[in-house]
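[1] Fold the following for me, if possible:
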Amino acid sequence: MDHATIDHATVDHATVDSPIGSLTLVGSGGVVTGLYFPGHWTRPDRTAFGTRADSAFPEAVRQLKEYFAGQRTEFAAPMRAEGDEFQRAVWAEIAKIPYGSTATYGDLARAVGGLPHEVGAAVGRNPLSILVACHRVVGKGGKLTGYAGGLKRKAFLLDLERPAHGGLW
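    Below you'll find the model as predicted:
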């Protein structure tokens, strides 16, 4: 994740159509600081989205389209996740989960030195859904658990990546 400086005075948002609904990208200066689904659990108030500028994040939009077309396995668009130190540590671990793979909340807790429920709270606050692939975090035994975009979207994203591992988790 890029740790570019964000100018909060000029926040923009753009939308991109996807197979899981219209996605809203929020950020400043071309740096994405949020990606939200319709009905997203932790979606900020729309007044925080700033001006609509559908050309604001061309690299992120291009890469998302490639991802949904099965042509991209990781993201390199300018992005920055704002959160506390623990949240950023969890999100950094999520970013290490390879395309087509999963990790459990317990795995992440061991990596960052927290408890699984603390990790779960940090995962749920990830502002960069898909770009920082929190859909790859599953419960014990591979169980699909909470996802800010809903479990149907989580299952869709995991199924999209499934061919990378021959259909096996």
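[2] roughly how far apart are the closest residue in space to Ala111 that isn't next to it in sequence and Gly21?
    Nearest residue to Ala111 in three dimensions, chain neighbours excluded: Glu93, at 4.9 Å (Cβ to Cβ, 6 or more residues apart in numbering). Placement of C-beta: from N, CA and C, glycine included. For Glu93, the distance to Gly21 equals 27 Å [Cβ to Cβ, to the nearest Å].
[3] which one of these two has more residues nearby?
    More neighbours surround Glu93 than the other of Glu93 and Gly21, with 21 against 15 (other Cβ atoms under 10 Å).
[4] who does the worst-scoring helix or strand of the chain on mean pLDDT pair up with?
    Across the helices and strands of the chain, mean pLDDT, DSSP states H and E gives its lowest value to strand 51-52, namely a mean of 82. Strand pairing for strand 51-52, determined by DSSP bridges: strand 11-16 (parallel).
[5] same question for stretch 25-33, mean pLDDT?
    The predicted model assigns stretch 25-33 a mean pLDDT of 93.
[6] Nearest the geometric middle of the chain, what residue?
    Centroid-nearest residue in the chain, with Cα atoms, centre = their mean: Ser129, separated by 1.8 Å.
[7] Name the nearest residue to it, ignoring sequence neighbours.
    Leu35 (5.1 Å).
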